[in-house]
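Engineer: When you get a sec, could you give me coordinates for this:
(chains A and B)
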Amino acid sequence: MTTVTLASKRRRAALRTLAFMSPWLIGFAVFFAYPLISTVYFSFMHYDGFNPPTWSGAKNWTYVFENYPLFWPALRNTLWLVVIMVALRVLFGLGIGLLITKIKTGTGVFRTLFYLPYLAPPVAATMAFAFLLNPGTGPVNSLLEKAGIPAPGWFNDPTWSKPALTLLALWGIGDLMVIFMAALLDVPTEQYEAAELDGASPWQRFRYVTLPNISPIVMFAVVTGVIQTMQYYTQPLIAGKVASGVIQGAGTMFEPGYPDKSTLTLPQLVYNLGFQRFDYGSACVVALVLFVLSMAFTSLLMRRRGGLMQAGD
Amino acid sequence: MTQVLDHPAALKAPVSPAERTARRKALLEWIAVHALGVAAALFFVLPFVFVFLTSLMSDSQALSRDLIPHTWEWGNYRKVFDTPGFLTWWRNTLLYAGAGTVLTVVSSVPVAYALAKFRFRGRNLSLMLVISMMMLPPQVIIIPMYLFWAKQLDLSGTLWPLIIPMAFGDAFSIFLLRQFLTTIPNEYLDAAKVDGCGDLRTLVRVVLPMAKPGIAAVALFQFFYAWNDYFGPQIYASENPAAWTLSYGLESFKGARHTDWNLTMAATVLVMAPVILVFFFAQKAFVEGVTLTGVKG
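Structural biologist: The predicted model follows:
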């Protein structure tokens, strides 16, 4: 008798879980698993969206890696952004986080001002920066020239386009500031007091008290930064489009990664191959490269911060 | 330090030289920190100021190097609204963001609740998959997704491919809500069960009222995600201007009026303004959300 109720109880619990999880289970199957498998399938097919797909073996793969002139520049740019942009963002975010914890007057105002740019819609923010940094009439170069500093070409110069994007990324540091601020305020004050009693200098206190306490958050910021960079799409695309002066719908084909492929990222290649060249097969190859890189970093995030999953267990 | 400044009488009391140097050091530090703060504030605020000032310039002045408008052309904003399509983009964006937010919250809450409070086999695996989905660049699966919506369902040129998936749980929202729900003590749930509440009733009557801040954060993030989304509308809506959203239309605005920086910046202000306005009303929820994804857990 008891075993029957136990079994039915268990079945009810399973049904309940299933019911509550069902939106996501359907979503997972339809919007994640199915398209992922299809991406693998299409990467071995020749498909232009009009004629039925035909098997092409490894042709798309060799095309992307050997003959598609944009792949390696895009990968190099992504690497540049992963190393330099992410590092600067973490350092700057930490710096702003530290600054905000030290500010004692008008903290709320400062915090709001530092946070606001993070909210600016990426297209609007990029348009704003394309205007601010435009070499001819932009206010930034006007100010630089007034100060006697040679003004860079920013989004119009291949050597300066990625630094310009980095500047835009630093402007939107608000999310990291909040995360670092919370972590910094969580450092136990007794540890600072103890260090002070031992005669530790401010740098030593930072190095031996602050840093060890917030290192999981630093790691989190680095890995999520890298994952975000794998998705970096709107800002470099809009910056390139606006700087090159392309007019949408006027028959002019946008030069991908303007200027000189310097703002090209991997997600842009998926768009270029799939939706501009109608080579869905090769687009899927780039998509899979993106998938492998992102998952590698994601697993790093989950391993290093096992924490992501621990809460409540 | 502020304590000393607040009480001038304290300054008159005799102080030892050591205390005086300590005070002087604290004052210098206060000045240095606030000077840095002001410098940083300029870096974050000036772009907004320049954009706003340019949005009020005349056509010819916007092409010059002047920073301050000679005449304040408030009419620029009217011109933006008069641009064909601009109001349609607003309507579409509100529809995408509004419907998307409601659907996301409704479909993500039960999943997050199950992941936070139910014990079942495969729970950790599910959570790992949710995180993986969250980290996946949308471009990885866009080709099959596009072919599915456009070729099989013939829905390209509409907002449906953007809105419908929201009814099936959004990975980021599930994760954030789950982080929030784990902070609600189990005792409340047990008490509800003792009182004879079923699971659904416990969720609706007991958990949801306590989860309001988490839900507010998710709703805001989702709303802004849709508001800011460029890639989705570019893929699904670009072929039909009647389905464009603000983010997508804004970029074309620059193309249509490619030398008019003043109008382009006025349009930029109009796209940014709602986001910033909403933020001022809902600061707490935002900051809480960002913290939850990063620190807790």
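Engineer: Pop out the phi and psi values for the residue nearest to the spatial centre of chain A.
Structural biologist: In chain A, the C-alpha closest to the average C-alpha coordinate belongs to A:Q228, at a distance of 1.6 Å (C-alpha atoms, centre = their mean). The phi and psi values for A:Q228, taken as degrees, to the nearest 10, are phi -60, psi -40.
Engineer: Just list the residues touching residue 88, thanks.
Structural biologist: I went with chain A, as the question did not name one. By C-beta atoms under 8 Å, 6 or more residues apart in numbering or on different chains, A:L88 lies in contact with A:T166, A:A169, A:L170. Just so you know, the C-beta spots here come from the backbone N, C-alpha and C atoms, and that holds for glycine as well.
Engineer: Can you look at chain B instead?
Structural biologist: B:P241, B:A242, B:W244.
Engineer: burial count for the nearest residue to the first one once chain neighbours are set aside?
Structural biologist: Across the structure, with C-beta to C-beta, 6 or more residues apart in numbering or on different chains as the measure, the residue nearest B:P241 apart from its sequence neighbours is B:G85 (5.8 Å). Residue crowding around B:G85 was assessed by other C-beta atoms under 10 Å in any protein chain shown; the count is 15.
Engineer: B:L129 now?
Structural biologist: B:L129, neighbours per other C-beta under 10 Å, totals 16.
Engineer: ok, it to B:T293 distance?
Structural biologist: 17 Å (C-beta to C-beta, to the nearest Å).
Engineer: B:I131 too?
Structural biologist: 11 Å.
Engineer: intersection of neighbour lists for these two?
Structural biologist: Shared contacts of B:I131 and B:T293, defined by C-beta under 8 Å, 6+ apart, are found at B:F175.
Engineer: got a list of what B:T293 touches?
Structural biologist: Contacts of B:T293 by C-beta under 8 Å, 6+ apart are B:F172, B:F175, B:L176, B:Q179.
Engineer: Check those one by one and keep those near chain A.
Structural biologist: With C-beta under 8 Å from any C-beta of the partner chain as the criterion, the members of the contacts of B:T293 in contact with chain A are B:Q179.
Engineer: Against A:G27, how distant is the residue nearest to the centre of chain A?
Structural biologist: According to C-beta to C-beta, A:Q228 stands 22 Å off from A:G27.
Engineer: cool, A:T137 as well?
Structural biologist: 47 Å.
Engineer: For those two, indicate the residue with more neighbours.
Structural biologist: A:G27 (23 against 16).
Engineer: For that one, give me phi and psi.
Structural biologist: Dihedral pair for A:G27: phi -60, psi -40, per degrees, to the nearest 10.
Engineer: residues in contact with the nearest residue to it once chain neighbours are set aside?
Structural biologist: In space, and not counting its chain neighbours, A:G27 is closest to B:F168: 3.0 Å by C-beta to C-beta, 6+ apart. The contact partners of B:F168, by C-beta under 8 Å, 6+ apart, come to A:P23, A:W24, A:I26, A:G27, A:V30, A:F31, B:S107.
Engineer: Just the pLDDT at B:F168, thanks.
Structural biologist: B:F168 carries a pLDDT value of 96.
Engineer: So which of the contacts of B:T293 is the closest to chain A?
Structural biologist: B:Q179 (6.0 Å; C-beta to the nearest C-beta).
Engineer: So the closest one sits against B:T291, correct?
Structural biologist: No: counting by C-beta atoms under 8 Å, B:Q179 stays clear of B:T291, with 9.7 Å between them.
Engineer: Provide a list of residues in contact with B:T245.
Structural biologist: B:W89, B:N92, B:T93, B:Y96, B:L159, B:A226, B:D229, B:P233, B:A237.
Engineer: Correction: the previous question concerned A:Y271.
Structural biologist: Taking C-beta under 8 Å, 6+ apart as the criterion, A:Y271 is in contact with A:Y233, A:L237, A:A283, B:Q139, B:I142, B:Q234, B:I235.
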